[in-house]
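In: Sequence plus the predicted model coming up.
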Amino acid sequence: MSAWLLGAALALLAEPEAPYAGRELVVMVDEKSFESWSVLEQIARDFEAAHPGLVVRVIDQGGAVGQQDKSRFMLTGDLPLDVTRIDVTEFGAFHAQGALIDIDAHLRALPGFDEANYLDVLDGFRAADGHLFGLPSTFTPYVMYFNRDLLARAGLEPPQPNWTWDDLLAVARATTRDTDGDGRIDQWGISLTQWLQAVVPWIWQAGGDVLDPTLSRSTIGEPAALEALRFLRRLLHEERVASFDATFENQYSQGLFQAGRCAFYGPVGYWETYRFKYLTEFEWDVAPLPRGKHAATAIAMTGYVVPRTSREPALAAAFVAELSGPKYQYTLAEIGNGVPAWKAAATSESFLDPRRAPRSENVFLDVLPEARFLPSLANWRKIEALCQSELQGALLSETYDVAEAARRMQEKTDAFLAGEARRANLPLLPRFALEACFALAVLGALAAWIVRRSREPRRGFASDARGALTLLAPWAVGFLCLFVGPAAVSFALSFCAWSPLESIERVRFAGFENWFRLASDDTFHTSLVATATYAFASVPLGLALALWLAWLLRRESTLAVCVRTIVYLPAILSPVIVAATWRFLLDPDRGFVNHVLGLVGIAGPAWTRSEPWIVPSFVLMSLWSVGAQMLVFLAALQALDPTLEEAARVDGAGPWARFRHVVLPQLSPVLLFNLVLGLVGGFQIFAQAYVLTGGGPGDASRFLVLYLYETGFRHLDMGYASTLAWVLFAILGCFCWVLVKTSKNWVHYAARSRG
């Protein structure tokens, strides 16, 4: 036996070590909810088998606030990440800020790699020098969806390949009608998509563009672009053949087209076929966009890239090639979540499957000769955000002037492009400057506490004090290291320019530029007004409703307990669930609230589409979640001294007088507590707007925290985001200080010290 063990040990020692032992790839490109996850896992295992000793760890991309946000968080923290997926509209920002590794040489060194295997879409991830920084996953040209059955009932033929704007207008007129005779249009010619990437094809068809060829100046205010915008506005307002429901925020909800109440829907991409494959009430299909002076459409695409945090760029590039190769591309073709970039997969029956809708699936390939990308080397996400509010106003608001809105879009874009060029030349912050800010803040807070302790008179029970300090030490360390220190770094960043895609060594000193920028930032002004309006409307109404409910339910009974539970439940629901629920309730066309108002003869407002009504919509939503405040008031009411109210009753005081002069003074400490917490919560509203409107229409619901988040992690401007955070902190600090200082005039404590 000992000889056998010795032989086995010698054999193990003689066995050569796996060539990739101890090496790991971290891959984050998909979500477990997609049907392709199992194939992705199998590709990872096959890649491990081909590289003995290598470990490929696949991370679910879901779970963050947005799909692409998770990778940004990992880049910000310099966490290992070797392969991720980004949108083509993000490539310009990622590339300009050094967040991606050039994998061109690695790709061309791979056996069998050939650009000819792909459809003509690789330029979306190609730098100015011709190098590839990524490979495509799936893509889609923007096309028009249409309802075959609805057109047939109107005696109309499906659109032909070379149909025009005039043809669209004629068909939309013929299919827009009041089908139930109630005087309101309930069947529309077109559900018109309104985000910038969907509007740009109309501008291209009119002969215009959004940026000039140098990508340094906006051209959206020029005559050709104005012609396209006026045509879309004509469909919406003058001809009244286009519905307003197809906003960017609503594109994944149940729209009018899915309900069979629109003849056309678009421009939009292939991703809708993944949702529409479950529609059985009518036959739907796709057609090229109607052409203007020119035929043109835009391409949306996602692709696989290697971030700067990759420890294994050569292996990561090889894995990118696997994901863009035939096995995974055929899988994506079969499940139908986009047009595969691998040419053989896109032209195979896996994609062009005659057994599934749409019947004209080949349209997505037929329009490629006239399709093009948005300027991929520009920070398109930021440009889109700058233009979106004015664009929505120009399209949706009856009072907007198109030329004026386009001028403002052009000015905002030009200012941003000039600012980007200027910031690139700012000096780098000295090394370890942020670390020094962190250390100074922690040491300063500690020194201030020690000085204050030394000035306090010595008291007895020193052992008890030491014990208390010992127990508080873990909290104190956390407070210093997780709040005071990061707050100091955030304050320092407010004087800097830095993208979270860059390493911390690339922070540039900008002086007071971010603070001066507040004065000229129209989005900030709108955001501040919307946030303050919401907070000052929702907090008093919420307190009044919570106190009224607590007063009604203060008596103990089975019914009261049941009602309390029902009222409290919304307070413990996720804000995302609350927002999704109210999206249905407040939908202007099919919402429950407007349906109820219609039953009593009242025409409900366009809650989430109308700028004057959007903040009241959120105030109404906030009143649904007053359960927590109600419970606090309820506990306080049940703890009141009943003899005081009884004495007031004996003295002849009526119910209102007793409530005002006896109950309210006793509740004033609780009222202050709820008021402070409500005000802080009101100014920090985020999730509801993120889910329900995304900040729209325009910037009407782009509350301050939402704007702060978008600035930092969507538009990659962490310096300005830090400035916004400190503005919010200052506003809340001032309001809370005023409330506490003035509380001595209206807050009454039962056992206040007289000493």
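Out: Great, that's in hand.

In: Remind me what the strand or helix carrying His95 packs against, helices and strands.
Out: Element membership of His95 [criterion: DSSP states H and E] is helix 91-96. If contacts are counted by 3 or more CB pairs under 8 Å, 6 or more residues apart in numbering; DSSP states H and E, helix 91-96 sits against strand 297-305, helix 380-396. Every residue, glycine included, has its C-beta placed from N, CA and C.

In: Give me the buried positions along the next helix or strand after that helix.
Out: In the C-terminal direction, the helix or strand that comes right after helix 91-96 (DSSP H and E) is helix 104-108. Of the residues in helix 104-108, those with enough neighbours to count as buried (16 or more other CB atoms under 10 Å) are 104, 106-107.

In: name the helices or strands packed onto helix 104-108?
Out: Packing contacts for helix 104-108, counted by 3+ CB pairs under 8 Å, 6+ apart, involve helix 313-323.

In: avg pLDDT for the helix it packs on?
Out: Per-residue confidence for helix 313-323 averages out to 95 on the pLDDT scale.

In: Format the CA atom coordinates belonging to that helix as PDB.
Out: Extracted as PDB, the C-alpha positions of helix 313-323 are listed here (Å, rounded to 0.1, in the frame of the first residue of the first chain):
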ATOM      1  CA  PRO A 313      -7.000  41.200 -22.100                       C
ATOM      2  CA  ALA A 314      -5.900  38.600 -24.600                       C
ATOM      3  CA  LEU A 315      -8.100  35.900 -23.100                       C
ATOM      4  CA  ALA A 316     -10.900  38.300 -22.800                       C
ATOM      5  CA  ALA A 317     -10.700  39.200 -26.500                       C
ATOM      6  CA  ALA A 318     -10.800  35.500 -27.300                       C
ATOM      7  CA  PHE A 319     -13.900  35.100 -25.200                       C
ATOM      8  CA  VAL A 320     -15.500  38.200 -26.900                       C
ATOM      9  CA  ALA A 321     -14.900  36.400 -30.200                       C
ATOM     10  CA  GLU A 322     -16.600  33.300 -28.900                       C
ATOM     11  CA  LEU A 323     -19.700  35.400 -27.800                       C
END
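
In: now the angle between strand 297-305 and it, please.
Out: Angle between the axes of helix 313-323 and strand 297-305 is 130 degrees (criterion: axes from the mean of the first three to the mean of the last three CA atoms, to 10 degrees).

In: could you point out which element follows helix 313-323?
Out: Beyond helix 313-323 on the C-terminal side, the first helix or strand identified by DSSP H and E is helix 326-335.

In: domain parsing for the chain?
Out: Domains of the chain are assigned by automatic domain parsing as 19-138+304-332, 143-288+379-423, 433-509, 516-745.

In: Export those domains as CSV, with columns for distance to Phe364.
Out: Formatted as CSV, the domains of the chain follow (distance: least, CB to CB, whole Å):
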stretch, distance to Phe364
domain 19-138+304-332, 10
domain 143-288+379-423, 6
domain 433-509, 31
domain 516-745, 27
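
In: Tell me which of those domains lies nearest to Ala296.
Out: Checking those against Ala296 by CB to CB gives domain 143-288+379-423 as the closest, at 3.7 Å.

In: mind checking the end-to-end distance for the closest one?
Out: The separation between the terminal residues of domain 143-288+379-423, taken as CA to CA, to the nearest Å, is 38 Å.

In: And the strands in the stretch 51-200 of the chain, which stretches?
Out: With strands called from DSSP state E, counting those that start in this stretch, the stretch 51-200 of the chain shows them at 55-60, 83-87, 134-141, 143-147, 188-192.

In: Can you list the neighbours in contact with the second one?
Out: Strand 83-87 is contacted from outside by 25-30, 61, 68, 71, 94, 134, 137, 300-307, 310, 316, 319-320, 323, using CB atoms under 8 Å, 6 or more residues apart in numbering.

In: Tell me the strands beside that strand, with direction?
Out: The strands beside strand 83-87 in its sheet (DSSP bridges) come out as strand 24-30 (parallel), strand 297-305 (antiparallel).

In: Quick one: mean pLDDT for the longest one?
Out: With pLDDT averaged residue by residue, strand 297-305 scores 94.

In: before we move on, what about the first one?
Out: Over the span of strand 24-30, the pLDDT mean works out to 88.

In: Same check on stretch 559-577?
Out: Averaging pLDDT residue by residue across stretch 559-577 gives 84.

In: C-alpha coordinates for that stretch, PDB please?
Out: Listed next in PDB are the C-alpha coordinates belonging to stretch 559-577 (Å, rounded to 0.1, in the frame of the first residue of the first chain):
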ATOM      1  CA  LEU A 559     -62.500  47.000  11.900                       C
ATOM      2  CA  ALA A 560     -60.000  49.700  12.900                       C
ATOM      3  CA  VAL A 561     -57.100  47.100  13.000                       C
ATOM      4  CA  CYS A 562     -58.100  45.800   9.500                       C
ATOM      5  CA  VAL A 563     -58.200  49.400   8.100                       C
ATOM      6  CA  ARG A 564     -54.900  50.300   9.800                       C
ATOM      7  CA  THR A 565     -53.300  47.200   8.100                       C
ATOM      8  CA  ILE A 566     -54.600  48.100   4.700                       C
ATOM      9  CA  VAL A 567     -53.400  51.700   5.000                       C
ATOM     10  CA  TYR A 568     -50.000  50.700   6.300                       C
ATOM     11  CA  LEU A 569     -49.300  48.100   3.500                       C
ATOM     12  CA  PRO A 570     -48.300  50.500   0.800                       C
ATOM     13  CA  ALA A 571     -45.700  52.000   3.100                       C
ATOM     14  CA  ILE A 572     -43.800  48.800   3.200                       C
ATOM     15  CA  LEU A 573     -44.000  48.100  -0.500                       C
ATOM     16  CA  SER A 574     -41.000  48.700  -2.700                       C
ATOM     17  CA  PRO A 575     -41.200  52.200  -4.400                       C
ATOM     18  CA  VAL A 576     -40.700  50.400  -7.700                       C
ATOM     19  CA  ILE A 577     -43.800  48.300  -7.100                       C
END
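
In: Go through it and flag the buried ones.
Out: For stretch 559-577, using 16+ other CB under 10 Å, the buried residues are 564, 567-568, 570-571, 575.

In: closest to Trp163 among those?
Out: Taking CB to CB as the measure, Pro575 is the one of the buried residues of stretch 559-577 closest to Trp163, at 44.4 Å.

In: Can you report how many residues lie near the closest residue to that closest one other than its chain neighbours?
Out: In space, and not counting its chain neighbours, Pro575 is closest to Ala687: 3.7 Å by CB to CB, 6 or more residues apart in numbering. Per other CB atoms under 10 Å, the neighbour tally for Ala687 reads 17.

In: Check Leu79 too.
Out: Using other CB under 10 Å: Leu79 sits among 12 other residues.

In: Might you report the residue contacts of it?
Out: For Leu79, the contacting residues are Thr309, by CB under 8 Å, 6+ apart.

In: what separates it from Ala316, distance-wise?
Out: When CB to CB, to the nearest Å is the yardstick, Leu79 and Ala316 sit 15 Å from each other.

In: Where do the strands of the protein begin and end?
Out: 24-30, 55-60, 83-87, 134-141, 143-147, 188-192, 242-243, 262-268, 284-287, 297-305, 339-340, 371-372, 496-497, 508-509 (DSSP state E).

In: wait, which of the ones you listed is closest to Pro616?
Out: Between Pro616 and the strands of the chain, the shortest separation by CB to CB is 22.6 Å, and it involves strand 242-243.

In: Tell me which of the strands of the stretch 51-200 of the chain lies nearest to Arg359.
Out: Put simply, out of the strands of the stretch 51-200 of the chain the one that sits nearest Arg359 is strand 143-147, at 11.0 Å, with distance taken as CB to CB.
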